[in-house]
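Asker: have a look at this fold, sequence not included:
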Ligand code: G3H
Ligand code: 13P
Ligand code: ZN
């Protein structure tokens, strides 16, 4: 494909009408990149993309978005979709899109749904991406790694496959996230990347011009999962590279939004709460050690690149950790409550706290209306019920 083919890439159809209160991920991200809240333009903020895997996690995310008036971005991995769809990802897509449309119809925030790490390389993956284009409002076309053969895909193949997705998705108003470079760690229960490469700035312009994507995940040193470095040491991101890449993208189209995968930071409050419960179990030494060795991405470095223009921050692991910590604490505290709802409500509240925390850290509140709680006063404490941690404004 020739370099000047960019002008022929299908533009994102901004006229597309999604179900009530739903929009594309791109429209939420571009608002964040411009620092737009209501009609006011201020400091940039980020949009956390929460990977949800259960109805409770969707409910918890809606509660957090509504308390803060935040952008609502919910992401689904292939394995999460299989979980919702009793083993079938495409059935899962139908279920979650109906569920979220119903939830969104009762809200006053705007919500986007996103396929995380969609694969357009394998036949099975292509079918899921195509179904996601008709059920969701955004998809990731992650074609930078061939997970079957554990190889880095050729630039031309990555471009060609990503462009195929853009050709179908953009006319329908569905935004597309591409990936350039290879991220380390686990991306999905079925896919694990042993290899990792940073994004090559010399490939970026061609990738952006020829695919037409408006969302891009470059690889700058973050990784998926709970062990992002050695205990006690900070993850070192390629900040200079991040700035170089942003400059190139902005000169092509200032609407292009960058995405940080592996953005879970891990909360000290969660680790301490989990450890205090775990130490009450007999023979839990191995699990205690695992918790002690978890290392998240360094938030200070993320904040800096958010201010430079990265606007989607993908978080899954830290919310799983919060859920697990809260489950351990709830079971230790009351192990004989014969009511599923008791444990369910407790863990869902824990997740809500985790989402509130990241949305506040990302500056993502007051986007559609003033927050219903005092964000300065929010305390993150899994030992307490949610209403004790927030004061209404
Ligand atoms: O980046 C990917 C997510 O962490 C997906 O994890 O496939 O276990 O849902 P999952
Ligand atoms: P974490 O493992 O850091 O939560 O990253 C999740 C992610 O990138 C999902 O795409
Ligand atoms: Zn990811």
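Answerer: Here it is on my side, so go on. Predicted, not measured: the structure shown is a model, and the values here were computed from it. Numbers count the residues shown, from 1 in each chain. Ligands and ions are numbered 1, 2, ... in the order given.
Asker: in the stretch 51-200 of the chain, what residue lies closest to ligand 2?
Answerer: Minimum separation of the stretch 51-200 of the chain from ligand 2 (Cβ to the nearest ligand atom) falls at residue 116, amounting to 4.6 Å. C-beta here means a position set from N, CA and C on the backbone, and glycine is covered the same way.
Asker: tell me the phi and psi of that residue?
Answerer: Main-chain torsions, residue 116, degrees, to the nearest 10: phi -90, psi 140.
Asker: A helix includes residue 291, no?
Answerer: Yes: judged by DSSP: H, G, I helix; E, B strand; the rest coil, residue 291 forms part of a helix.
Asker: in this structure, which spans are helices?
Answerer: 25-34, 55-68, 78-84, 89-105, 123-135, 155-169, 201-211, 239-252, 268-278, 285-293, 299-308, 317-333, 340-361 (DSSP state H).
Asker: most packed of the ones you listed?
Answerer: Compared across the helices of the chain, helix 25-34 shows the largest average neighbour count, a mean of 24 (mean count of other Cβ atoms under 10 Å).
Asker: now that one: mean pLDDT?
Answerer: Averaging pLDDT along helix 25-34 yields 98.
Asker: from the chain's centroid, how far away is it?
Answerer: 14 Å (Cα atoms, centre = their mean, to the nearest Å).
Asker: how about it, does it reach ligand 2?
Answerer: No: under the criterion of Cβ under 6 Å from any ligand atom, ligand 2 is not reached by helix 25-34; the shortest gap measures 12.5 Å.
Asker: that helix to helix 299-308, inter-axis angle?
Answerer: 90 degrees (axes from the mean of the first three to the mean of the last three Cα atoms, to 10 degrees).
Asker: between helix 239-252 and helix 25-34, find me the angle.
Answerer: Using the same axes, to 10 degrees, helix 25-34 lies at 110 degrees relative to helix 239-252.
Asker: before we move on, the earlier item: reformat the helices of the chain as CSV; add distance to ligand 1.
Answerer: Shown next, in CSV, are the helices of the chain (distance: least, Cβ to the nearest ligand atom, whole Å):
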stretch, distance to ligand 1
helix 25-34, 15
helix 55-68, 11
helix 78-84, 4
helix 89-105, 11
helix 123-135, 12
helix 155-169, 18
helix 201-211, 21
helix 239-252, 19
helix 268-278, 17
helix 285-293, 17
helix 299-308, 16
helix 317-333, 6
helix 340-361, 14
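Asker: pipe those helices into a markdown table and attach distance to residue 223 per row.
Answerer: Shown next, in a markdown table, are the helices of the chain (distance: least, Cβ to Cβ, whole Å):
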| stretch | distance to residue 223 |
| --- | --- |
| helix 25-34 | 22 |
| helix 55-68 | 22 |
| helix 78-84 | 18 |
| helix 89-105 | 24 |
| helix 123-135 | 22 |
| helix 155-169 | 20 |
| helix 201-211 | 20 |
| helix 239-252 | 15 |
| helix 268-278 | 19 |
| helix 285-293 | 15 |
| helix 299-308 | 13 |
| helix 317-333 | 10 |
| helix 340-361 | 18 |
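Asker: residue 43 is nearest to which of those?
Answerer: Smallest distance to residue 43 across the helices of the chain (Cβ to Cβ): 7.7 Å, for helix 299-308.
Asker: could I get the pLDDT score of residue 231?
Answerer: On the pLDDT scale, residue 231 gets 87.
Asker: excluding its backbone neighbours, what's nearest it?
Answerer: residue 293 (5.0 Å; Cβ to Cβ, 6 or more residues apart in numbering).
Asker: that neighbour is in contact with residue 228, isn't it?
Answerer: No: in this structure residue 293 lies outside contact range of residue 228 using Cβ atoms under 8 Å: 10.9 Å.
Asker: out of the helices of the chain, nearest to residue 14?
Answerer: helix 25-34 (7.6 Å).
Asker: near ligand 2, which residues of the stretch 101-250 of the chain?
Answerer: So far as Cβ under 6 Å from any ligand atom goes, the stretch 101-250 of the chain lies against ligand 2 at 116, 224-225.
Asker: of the residues you listed, which is the most crowded?
Answerer: Within those, most neighbours by other Cβ atoms under 10 Å means residue 116, with 26 neighbours.
Asker: what residue ranges in the chain are flagged as low confidence?
Answerer: 1-7, 185-196 (pLDDT under 70).
Asker: what parts of it come near ligand 3?
Answerer: 261, 314 (Cβ under 5 Å from the ion).
Asker: where does the chain get nearest to ligand 3, residue-wise?
Answerer: Of the chain, the residue with the smallest distance to ligand 3, taken as Cβ to the ion, is residue 261 at 3.4 Å.
Asker: any idea how far that residue is from residue 85?
Answerer: From residue 261 across to residue 85, the span is 24 Å (Cβ to Cβ, to the nearest Å).
Asker: and those two? Which one has more around it.
Answerer: Remark: of residue 261 and residue 85, residue 261 carries more neighbours, 28 against 16, as counted by other Cβ under 10 Å.
Asker: contact partners for the more buried one?
Answerer: 183, 217, 219, 222, 224, 314 (Cβ atoms under 8 Å, 6 or more residues apart in numbering).
Asker: most widely separated two among the residues you listed?
Answerer: 219 and 314 (12.6 Å).
Asker: residue 372 contacts residue 387, doesn't it?
Answerer: No: with contacts counted by Cβ under 8 Å, residue 372 stays clear of residue 387, the gap being 11.9 Å.
Asker: okay, these two: which has more neighbours?
Answerer: The neighbour comparison of residue 372 against residue 387 (other Cβ under 10 Å) goes to residue 372, with 13 against 10.
Asker: excluding chain neighbours, what is closest to that one?
Answerer: In space, residue 372 is closest to residue 67, 5.2 Å off (Cβ to Cβ, 6+ apart).
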